[in-house]
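1. sequence-free structure coming up:
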């Protein structure tokens with residue numbers, strides 16, 4: 001048989017591509033296993049913290065003490081200037097190094113915050129855990145700068161996936177969140193492999209993926225589309241206000257004192273007083289049970305307002321955690337209350353608003369659509385895509401992450417190059 005002739009150029013290209021694939025598969029497996037194990041442990045500990053707080057309600061009164069322990073730990077390990085998830089975004093954008101000590105610190109601080117009733121999520125900690133561990137792996141292997149950025153994204157994806165069990169949206173989130181309008185497709189294989197592996201590691205520990213059962217989606221006729229657009233506009237506005245409120249919380253404390261010890265004690269006392277005033281523990285911790293009830297059609301009329309207040313005052317005081325699960329809470333309860341007024345079921349309206357508010361606070365529409373598919377098992381993909389698109393456009397340029405780069409305009413086909421922390425609404 002005649003020998004198949006392949007030009008030297010093609011041979012070189014095949015060899016280069018094959019070696020790159022092998023390299024990133026190996027690195028992704030390493031990151032997926034390492035971050036998956038730590039993320040699984042983190043998930044288990046947070047579940048224990050939530051159950052323990054529920055069993056012993058008096059732990060709420062230790063929140064100021066927990067705050068002092070958090071501030072002390074960060075001071076002791078020379079991390080007083082910690083910027084949270086912003087550090088991970090900086091590491092991806094500019095190659096700014098992360099410290100491995102970030103991982104145990106955020107693990108400890110988030111656990112204490114949840115144990116004693118602070119209102120916070122968990123994904124911010126997962127992103128920092130994953131980012132710091134993968135960054136350390138990159139340094140150990142002496143990867144070049146471009147590769148270090150990709151491996152940090154792998155860690156973010158794996159951390160997100162280990163906690164939520166949504167590997168596809170976790171991988172896309174890691175690629176999408178740093179620079180809005182531009183995605184780092186060079187990271188697609190390593191992020192996806194690390195994310196899938198981390199979710200499988202979590203499953204081995206008996207950790208179930210975050211999934212919700214919602215009412216059947218209505219037929220997407222012109223009337224329903226108009227209603228979903230209206231709800232999307234409201235969610236975009238709410239997301240913008242949520243992001244602003246996260247900044248207002250910290251600013252409020254800074255007006256009173258610049259001392260981190262006093263600030264965290266004051267914040268703990270404020271959360272205790274507010275909890276007693278509202279007469280419920282629904283707004284302490286992450287609130288996953290409240291989200292579940294909202295998606296079943298049950299939510300207090302002002303639950304979304306109270307969650308914004310509790311979360312802003314918790315994180316603004318210096319407690320640790322994340323804002324994404326609180327944004328789920330805000331969106332699900334808001335949709336549950338408002339959707340029936342627009343003619344949608346409270347359950348499906350809660351699901352739509354949950355992903356729409358998430359999109360608005362992160363500026364990550366592709367992630368939001370995929371997250372809706374994974375969390376709601378494919379129910380209502382067309383309405384989800386529509387409301388996410390509307391919320392993305394109407395939420396403005398604010399974000400949970402002040403170092404998030406807005407590369408392209410939301411309204412015109414032009415490059416703008418600004419940061420969400422600039423507060424520009426173009």
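-> Yes, it's here. From a predicted model like this one, the values you see are computed outputs, not experimental measurements.
2. distance of residue 261 from residue 98?
-> 26 Å (C-beta to C-beta, to the nearest Å). (Glycine included, C-beta is placed from N, CA and C.)
3. gap between residue 224 and residue 383?
-> 7 Å.
4. got the phi and psi for residue 97?
-> Dihedral pair for residue 97: phi -70, psi 150, per degrees, to the nearest 10.
5. and it, how many residues sit next to it?
-> 15 (other C-beta atoms under 10 Å).
6. correct me if wrong: it contacts residue 135.
-> Yes - applying C-beta atoms under 8 Å as the test, residue 97 and residue 135 come out as touching, 6.8 Å apart.
7. quick one: secondary structure of the nearest residue to residue 98 once chain neighbours are set aside?
-> Of all residues not flanking residue 98 in the chain, residue 135 sits nearest, at 4.3 Å (C-beta to C-beta, 6 or more residues apart in numbering). When classified by DSSP: H, G, I helix; E, B strand; the rest coil, residue 135 comes out as helix.
8. I figured residue 135 hits residue 96, correct?
-> No - with contact defined as C-beta under 8 Å, residue 135 does not count as touching residue 96 (9.7 Å).
9. and these two? which has more neighbours close in?
-> Taking other C-beta under 10 Å, residue 135 and residue 96 do not tie; residue 135 has more neighbours (28 against 13).
10. contacting residues around the more buried one?
-> By C-beta atoms under 8 Å, 6 or more residues apart in numbering, the contact list for residue 135 reads 91, 97-98, 100, 148, 151-152, 155.
11. go on, residue 161?
-> Counted by C-beta under 8 Å, 6+ apart, residue 161 has contacts 36, 39, 167, 170-171, 194-196, 198-199, 202.
12. how much space separates residue 76 from residue 317?
-> Residue 76 is 19 Å from residue 317, by C-beta to C-beta.
13. those strands in the chain, which residues are they?
-> Using DSSP state E, the strands of the chain run over 179-180, 405-408, 415-419.
14. just say which of these is most tucked in.
-> Among the strands of the chain, strand 179-180 has the highest mean neighbour count (mean count of other C-beta atoms under 10 Å), at a mean of 21.
15. ok, which stretches of the stretch 1-150 of the chain are helices?
-> Using DSSP state H, counting those that start in this stretch, the helices found in the stretch 1-150 of the chain span residues 8-55, 63-76, 85-94, 102-115, 123-140, 145-164.
16. right, and residue 415 touches residue 408 too?
-> Yes - in this structure residue 415 lies within contact range of residue 408 using C-beta under 8 Å: 5.7 Å.
17. mutual contacts of these two, please.
-> residue 181.
18. want to throw the helices of the stretch 1-150 of the chain into TSV with distance to residue 299 and mean pLDDT?
-> Output for the helices of the stretch 1-150 of the chain, formatted as TSV (distance: least, C-beta to C-beta, whole Å; pLDDT from 0 to 100):
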stretch	distance to residue 299	mean pLDDT
helix 8-55	19	91
helix 63-76	25	95
helix 85-94	28	72
helix 102-115	22	93
helix 123-140	22	88
helix 145-164	21	91
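19. can I get those in a markdown table with distance to residue 379?
-> Putting the helices of the stretch 1-150 of the chain into a markdown table (distance: least, C-beta to C-beta, whole Å) gives the following:
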| stretch | distance to residue 379 |
| --- | --- |
| helix 8-55 | 25 |
| helix 63-76 | 38 |
| helix 85-94 | 30 |
| helix 102-115 | 30 |
| helix 123-140 | 23 |
| helix 145-164 | 17 |
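20. to residue 270, which of those lies closest?
-> helix 63-76 (9.6 Å; C-beta to C-beta).
21. quick one: list the elements packing against the closest one.
-> Identification of packing neighbours for helix 63-76 by 3 or more C-beta pairs under 8 Å, 6 or more residues apart in numbering; DSSP states H and E yields helix 102-115, helix 260-278.
22. buried ones in stretch 33-45?
-> 33-40, 42-43, 45 (16 or more other C-beta atoms under 10 Å).
23. likewise for stretch 22-36?
-> 24, 27-28, 30-36.
24. sketch out the low-pLDDT regions of this protein for me.
-> 1-5, 91, 93-95, 419-426 (pLDDT under 70).
25. what residues does stretch 43-56 touch?
-> With contacts defined as C-beta under 8 Å, 6+ apart, stretch 43-56 is touched by 59-60, 107, 110-111, 114-117, 122, 162-163, 202, 205, 207, 281, 284-286.
26. only the buried subset of the residues you listed, as a ChimeraX command please.
-> Buried subset of the contacts of stretch 43-56, written as a ChimeraX selection, criterion 16+ other C-beta under 10 Å:
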select :59,60,107,110,111,114,115,116,117,122,162,163,202,207,284,285,286
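27. rewinding a little: who has more neighbours, residue 224 and residue 383?
-> residue 383 (25 against 18).
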